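# build me a model:
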Amino acid sequence: MIKRTISGQIDKGDVNHNNRKFIAENVDKTRVKDNIAIVQDDIKQVYHELFDDALKEYNARQTRKDREIHDYRDHIRHGRQEKEFYEVIFQVGNMDDTPVGSDEAKLTTEILKEFTEGFIKRNPNIRVFNAVIHLDEATPHVHIDFVPFATGQKRGLSTRNSLSKALEQQGFRCEGKLETNTKKWIEREKQALSEVMLTRGIEWEQLGTHNEHLSVLDYKKQQRQKELKTLEGKAHSAEWVLHQREDLIESAEAAIERLDGEFQQKRRDVQSMDTQISAKQTEIAQVTEELTAKTEELSETASQLAEQQALIAESAEKATQIKNIDYIETKKTMFGGKITVAADDYDKVSALAKKQIAAENHEKELNAQIKTLKEEKSQLTKEKEDLQKKNDEQKAKIDDLNASHSQLSRTIASLKAEIEEWKKKYNKLMEFIESLSLKEQLDKFLHPVVDVIKKFKIR
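Sure, this is the predicted structure:
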């Protein structure tokens, strides 16, 4: 069984280069037509497909217009935390043992095609939008461009662009600086590639696993392979540091978003309390007005009662024990006759008695009214006291909410200041690196590229 090496790494990615919109120096123009395009989708449509629903839901939750995101792809492109898309490159063999045009190259081309189709199925959180097998360079290899997406996220969009989170949801978790989730993922994919190779009769040759006699050229290749492994280790260490920094920023931004949400809720609560207090105050004013009117009515009724009682007392002096003069019988004389009175006196006494009866009846009515008014006054007084108590409670709640509001404002300001300080340090670091013209070297350090492999002539 023949043996071939496998190379696989994350690259910066250039879709125009991959699709040969421009031709690099190492490309044989006469063989561009032989390249195999497996997937070629519009990345703009892919972003709509993946994130539009989550973006609409996110914007609907925002209470401030400045926090809304109008174009998620543009938001990612201008951000610092995530990339618009990522790329991985896989290759079987090298230019010495699998040159383009050879039977081995034709076989590995079929292997890479089957591997890419399996790659798409194995990675549910990786949306491949461009995949091309290049046959116009020294050795067949595949460029796979993709947008990672993580679902069910609590911060920001519920579905968002995040390679680390996407790989975590596929079961790849960081375990220190040298065991990052991307490294584990690439190793898993290389293993999958080796399984496809076996079905075609090719065994994965893992360099550095034996100590056979080496020629000078082989020794140099092995040393350069070790150097490349060292670079990859440094890149993974840097990736781990960036991953930790990303988690820190995510935690801070999540805390700010949570506190901002609480702040907005508290503000809405205060506004609601103000509305309720205003309504209670209006209600108290109405009850007070009614109470005042009832009190005045009660005073007027009491005054009328006093007048009637005075009139009754006066009548009582003139006609004590007289209830109904029409039924009073006269006393008999000694001769058996009846006592007679003058007509005027009789009319006066009769009228006085009737007034007495009417006054007593009116007194009963007034007493009943007074009793009713007193009960209504008591009820209104109780309602006023209850409303005043509720008003005081609402004011106490507003005081508590205002205190919480002040604390939240201070906390949010502190977190924002901390994040701004981190951003300033990061910007200063990038300015320092750019001033030394080291930005390109940093990119290569963080993302080992094909150029490094080509430099060492390792495939």
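# where along the stretch 51-200 of the chain do the helices fall?
With helices called from DSSP state H, counting those that start in this stretch, the stretch 51-200 of the chain shows them at 72-77, 103-122, 163-169, 181-199.
# so which of those helices comes closest to residue 49?
Evaluated with C-beta to C-beta, those place helix 72-77 nearest to residue 49, the distance being 11.4 Å. Bear in mind the C-beta positions are built from the backbone N, C-alpha and C, glycine included.
# show me what the closest one is packed against.
helix 43-61 (3 or more C-beta pairs under 8 Å, 6 or more residues apart in numbering; DSSP states H and E).
# what comes up buried for the helix it packs on?
By neighbour count on 16 or more other C-beta atoms under 10 Å, the buried set for helix 43-61 is 43, 46-47, 50-51, 54-55, 58.
# which strands or helices does it pack on?
helix 72-77, strand 126-134, strand 141-148.
# nearest to residue 404, of the ones you listed?
Each of these has some distance to residue 404 by C-beta to C-beta; the shortest is helix 72-77, at 31.5 Å.
# and residue 402, what does it touch?
Shown in contact with residue 402 (C-beta atoms under 8 Å, 6 or more residues apart in numbering): residue 270.
# and it, how far from residue 412?
Distance of residue 402 to residue 412, computed by C-beta to C-beta, to the nearest Å: 16 Å.
# with residue 259 instead?
5 Å.
# any weak-confidence spans in the stretch 51-200 of the chain?
Along the stretch 51-200 of the chain, the parts satisfying pLDDT under 70 run over 176-179.
# 90 instead, please
63-67, 79-82, 154-156, 173-181 (pLDDT under 90).
# picking that back up, what's the closest of the helices and strands packed on helix 43-61 to residue 363?
Closest to residue 363 of the helices and strands packed on helix 43-61, according to C-beta to C-beta: helix 72-77, at 85.3 Å.
# okay, that closest one in PDB with CA atoms only?
These are the backbone C-alpha positions of helix 72-77, laid out as PDB (Å, rounded to 0.1, in the frame of the first residue of the first chain):
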ATOM      1  CA  TYR A  72     -25.100  41.800   9.800                       C
ATOM      2  CA  ARG A  73     -22.500  40.900   7.200                       C
ATOM      3  CA  ASP A  74     -21.300  44.500   7.100                       C
ATOM      4  CA  HIS A  75     -21.300  44.500  10.900                       C
ATOM      5  CA  ILE A  76     -19.000  41.500  11.000                       C
ATOM      6  CA  ARG A  77     -16.700  42.900   8.200                       C
END
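# of all the buried residues of helix 43-61, which comes closest to residue 27?
Residue 27 lies nearest to residue 43 out of these, by C-beta to C-beta, at 22.7 Å.
# contacting residues for the residue lying closest to the closest one once chain neighbours are set aside?
The spatially closest residue to residue 43, leaving aside those adjacent along the chain, is residue 129, at 5.3 Å (C-beta to C-beta, 6 or more residues apart in numbering). When contacts are counted by C-beta under 8 Å, 6+ apart, residue 129 touches 39-43, 46, 85, 145-147.
# for residue 129, give its distance to residue 19.
11 Å.
# for residue 83, same thing?
In this view, residue 83 and residue 19 are 18 Å apart by C-beta to C-beta.
# now residue 95
23 Å.
# I'd like to know how many residues surround residue 271.
11 (other C-beta atoms under 10 Å).
# am I right that it sits in a helix?
Yes: inclusion of residue 271 in a helix is indicated when DSSP: H, G, I helix; E, B strand; the rest coil is applied.
# begin at 884, not 1, for the rest of this chat.
Renumbered: residue one is now 884, and that last one reads residue 1154.
# what score does it have for pLDDT?
Looking at residue 1154, its pLDDT reads 77.
# what of the one 10 residues further on?
If you check residue 1164, the pLDDT there is 77.
# spit out the contact partners of it.
By C-beta under 8 Å, 6+ apart, the contact list for residue 1164 reads residue 1274.
# let's verify it: helix, strand, or coil?
Counting by three-state DSSP, the backbone at residue 1164 sits in helix.
# overlap in contacts of residue 1012 and residue 902?
residue 923.
# CSV for the contacts of residue 1012, including distance to residue 1058?
Shown next, in CSV, are these (distance: C-beta to C-beta, whole Å):
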residue, distance to residue 1058
922, 32
923, 36
924, 34
925, 37
926, 32
929, 31
968, 26
1028, 28
1029, 24
1030, 26
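# any idea which helix or strand comes after the helix or strand harbouring residue 1160?
Assigned by DSSP states H and E, residue 1160 belongs to helix 1099-1201. Once the chain leaves helix 1099-1201, the next helix or strand it forms, by DSSP H and E, is helix 1226-1318.
# contacts only, for residue 917.
Listed by C-beta under 8 Å, 6+ apart, the contact set of residue 917 reads 1018-1019.
# do the same with the one 5 residues further on
Going by C-beta under 8 Å, 6+ apart, residue 922 touches 1003, 1011-1014.
# centre of the chain to stretch 888-901, how far?
Averaging C-alpha positions (C-alpha atoms, centre = their mean, to the nearest Å) puts stretch 888-901 35 Å from its chain's average.
# still on that earlier bit, what's the most buried one of the helices of the stretch 934-1083 of the chain?
Ranked by mean neighbour count under mean count of other C-beta atoms under 10 Å, these are led by helix 1046-1052, which reaches a mean of 21.
# need the residues that contact that one.
Here helix 1046-1052 has contacts from 965-966, 969, 1008-1009, 1031-1034, 1036, 1057, 1064-1065, 1067-1068, 1126, 1129, using C-beta under 8 Å, 6+ apart.
# let's see that helix as PDB, backbone CA atoms only.
Backbone C-alpha positions of helix 1046-1052 (Å, rounded to 0.1, in the frame of the first residue of the first chain) are rendered in PDB as follows:
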ATOM      1  CA  LEU A1046     -16.000  29.900  14.800                       C
ATOM      2  CA  SER A1047     -15.100  29.000  18.400                       C
ATOM      3  CA  LYS A1048     -18.800  28.800  19.400                       C
ATOM      4  CA  ALA A1049     -19.700  26.800  16.200                       C
ATOM      5  CA  LEU A1050     -17.000  24.300  16.900                       C
ATOM      6  CA  GLU A1051     -18.000  24.000  20.600                       C
ATOM      7  CA  GLN A1052     -21.500  23.100  19.500                       C
END
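# residue 1048 and residue 1032, how far apart?
For residue 1048, the distance to residue 1032 equals 9 Å [C-beta to C-beta].
# ok, now residue 920?
23 Å.
# again with residue 917
From residue 917 over to residue 1032 the distance is 33 Å, taken as C-beta to C-beta.
# before we move on, what about residue 1293?
Distance from residue 1293 to residue 1032, by C-beta to C-beta: 36 Å.
# and for residue 1155?
Remark: distance between residue 1155 and residue 1032 (C-beta to C-beta) = 38 Å.
# next one: residue 927
Distance of residue 927 to residue 1032, given as C-beta to C-beta: 15 Å.
# likewise for residue 1025?
22 Å.
# okay if I get the buried residues of helix 926-944 as TSV plus distance to residue 1256?
Shown next, in TSV, are the buried residues of helix 926-944 (distance: C-beta to C-beta, whole Å):
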residue	distance to residue 1256
926	82
929	79
930	75
933	74
934	70
937	66
938	66
941	62
